[in-house]
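K.L.:
Take a look and give me a structure for this.
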Amino acid sequence: MKARLLAWVAAAAGAVAAVLPAAPAAAHPLGNFTVNQYAGLTVSRDAVTVDYVVDLAELPAYQTRTEQVDADRNGAVSTVEGERYAVAACAARAADARLEVAGRRAPLSVVTTRIDFPPGAAGLATLRLECVLRAAVVVEREAEIAYRNDAFADRPGWREVTAVGQGVQLLDSSVPAASRSDRLRAYPEGAAALDERTASMRARPGADPGFSTPDAGGTRAAGPDVDRLTAAFTGLIGRRHLGVGLAVLALALAAMLGAGHALAPGHGKTVMAAMLIGERGTVRQAGVVALTVTATHTTSVLVLGVVLATSLTFAPERLYGWLGVVSGLLIAAVGTGLLRRAVQRRRQSADPAHSHDDGHDHGHAHGHHPHSHHPHSHSHGPMGGGMSLRGLIAMGFAGGLVPTPSAVVVLLGAVAFGRPWYGVLLVLAYGIGMAAALVGIGLALSRWSAVLSRRLGRGARMARLGRVLPSLTSTLIVVLGCGMALRSLFAL
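P.N.:
This is a model prediction of the structure:
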């Protein structure tokens, strides 16, 4: 019955997402945390001009707009506030950049600025800043030109540099002449984030046969696809007119979207499967893991949302990396404990006369089948033992420690629209849907584990497999945990 209910919920979530109209604006194609930059160099006889563009995704844009652009903190950005920020930000970007011509530093100055706030996910805006920077130079003979952009060096995102000549020839340029992203308006579909921070070339007086201006035609911004479930969830918060009926419908949809998200890769389902199969897990144990995952995930979303709403300097992408490291280490620690217990049980099974160390003598003989005189019990079976409550909670904590970015975006979008409690309720409903799906998954795994346990009791080969299965699944948990930790550590 529960399994059928889970299947119905997942199907309903997919059906609702399929019939929903497209969200007003999809999430940023490169991710909600990214800071993306483009620098287009134009080299002429008397100047080097840099067309600099920075594209902030929803979360860094929210931080910047709240703390730096909206000077009077009234929740709206006036034309004066936007222009004032643009001038200051472009001056800072000119200072961050380093341009050298013939081995000498050529300081850049701001010529023009422009700022815009394109719509993003969950009613949040992104931020697009355009700066035209210029350095006066004289190219009378062949000269080496070097450019370096050190802005936002520790933030993830797309970094691109191009260079063209105007009245000069560019030789041995390390960067292309045309932008691959249409100046951050159309990111190549399926491409990994570009990381070009420097450019070097030789400039020589004379028309450049390869001169071309960056292509402004472009295609619609693509990048990694945003699945319809996530787009629908983040689109809920952006509706300006919200009645009671629509709010209730939105909460129900959030729960179904949470269930659909739980069915996607992640949240420790592989680890939970290995634990339930190897340790003869029960539905109650699966429920403990699922509820702990949900409670931890919901709490992490709320805490991260509060921190992002109150701190400009906080870089959430680095926190995600460290949370991934901690989550992986926790999973590896739980797996190590399970592996140690599995090895101990195998040794006890191999030595029927092992000591119980319970303080009384077993010297009397039994003329009938073996039995126990002890108030405590222990299992010698191939899949006995189970996990402690502490281990179950640790497993669930590790599975829910890393918050879903779309849930954080929805929470901040609600705050931006003056509906913080609505955002909290959506996140809670999302978590409830996750819990329902994970409990259903645990139920299915528990039943499959019971069937496997019965089959392992039949025949010598199956019995041998049953004896080594806890060790194999525990080792798998350790490997998965270490892999998660290392992957997150290398991404920092």
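K.L.:
from here on, contacts and neighbour counts on C-alpha atoms
P.N.:
Fine.
K.L.:
hang on, R204 is in a strand, isn't it?
P.N.:
Yes - the assignment for R204 is a strand, going by DSSP: H, G, I helix; E, B strand; the rest coil.
K.L.:
Which strand residues bridge it?
P.N.:
Per DSSP bridges, the residues bridged to R204 are Q169.
K.L.:
count of neighbours near it?
P.N.:
Counted with other Cα atoms under 10 Å, residues neighbouring R204 total 21.
K.L.:
That one reaches E144, doesn't it?
P.N.:
No - using Cα atoms under 8 Å as the test, R204 is too far from E144 to be in contact (9.1 Å).
K.L.:
next structured bit after the worst-scoring helix or strand of the chain on mean pLDDT?
P.N.:
In the chain, no helix or strand scores lower on mean pLDDT, DSSP states H and E than helix 2-19, which sits at a mean of 41. Moving toward the C-terminus from helix 2-19, the next helix or strand (DSSP states H and E) is strand 35-43.
K.L.:
So which elements touch that following strand?
P.N.:
Judged by 3 or more Cα pairs under 8 Å, 6 or more residues apart in numbering; DSSP states H and E, the packing partners of strand 35-43 are strand 47-56, strand 159-165.
K.L.:
most packed of these?
P.N.:
strand 159-165 (a mean of 25; mean count of other Cα atoms under 10 Å).
K.L.:
which residue ranges form the strands in this structure?
P.N.:
Using DSSP state E, the strands of the chain run over 35-43, 47-56, 97-101, 104-105, 109-116, 127-136, 143-149, 159-165, 168-171, 198-205.
K.L.:
CSV for the ones you listed, including mean pLDDT and distance to L486?
P.N.:
Formatted as CSV, those follow (pLDDT from 0 to 100; distance: least, Cα to Cα, whole Å):
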stretch, mean pLDDT, distance to L486
strand 35-43, 95, 24
strand 47-56, 95, 28
strand 97-101, 93, 33
strand 104-105, 91, 41
strand 109-116, 95, 39
strand 127-136, 95, 33
strand 143-149, 93, 29
strand 159-165, 95, 25
strand 168-171, 90, 42
strand 198-205, 91, 29
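K.L.:
Figure out which of those is closest to S327.
P.N.:
S327 lies closest, by Cα to Cα, to one member of the strands of the chain: strand 35-43, at 25.7 Å.
K.L.:
which residues sit against the closest one?
P.N.:
Residues outside strand 35-43 that contact it (Cα atoms under 8 Å, 6 or more residues apart in numbering): 48-57, 60, 152, 155-166, 168, 179, 183-184, 203.
K.L.:
one step back: out of the strands of the chain, which is closest to G245?
P.N.:
strand 127-136 (33.0 Å).
K.L.:
What is the closest one packed up against?
P.N.:
Counting contacts by 3+ Cα pairs under 8 Å, 6+ apart, strand 127-136 packs against strand 47-56, helix 79-96, strand 109-116.
K.L.:
would you list the ones you listed in TSV and tack on distance to A394?
P.N.:
Formatted as TSV, the helices and strands packed on strand 127-136 follow (distance: least, Cα to Cα, whole Å):
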stretch	distance to A394
strand 47-56	36
helix 79-96	44
strand 109-116	45
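K.L.:
Look at the residue nearest to R73 when sequence neighbours are not counted and report its pLDDT.
P.N.:
With Cα to Cα, 6 or more residues apart in numbering as the measure, T66 is the residue that lies nearest to R73, at 7.2 Å, once sequence neighbours are left out. pLDDT for T66: 86.
K.L.:
how close does T66 sit to A491?
P.N.:
Noted for T66: a distance of 28 Å to A491, by Cα to Cα, to the nearest Å.
K.L.:
neighbour-wise, which of the two wins?
P.N.:
Neighbours around T66 and A491, counted as other Cα under 10 Å, are more numerous at T66. The numbers are 22 against 14.
K.L.:
now the nearest residue to P420 once chain neighbours are set aside: how far from L253?
P.N.:
Distances taken as Cα to Cα, 6+ apart place A414 nearest to P420, at 5.1 Å, with adjacent residues excluded. Distance, A414 to L253, by Cα to Cα: 16 Å.
K.L.:
same check, this time on S327
P.N.:
Taking Cα to Cα, one finds S327 at 29 Å from L253.
K.L.:
And these two? Which one has more around it.
P.N.:
Using other Cα under 10 Å as the criterion, S327 and L253 rank with S327 on top: 27 against 24.
K.L.:
who's in contact with the more buried one?
P.N.:
The contact partners of S327, taken as Cα under 8 Å, 6+ apart, are F397, A398, G399, L401, V402, G481, M484, A485.
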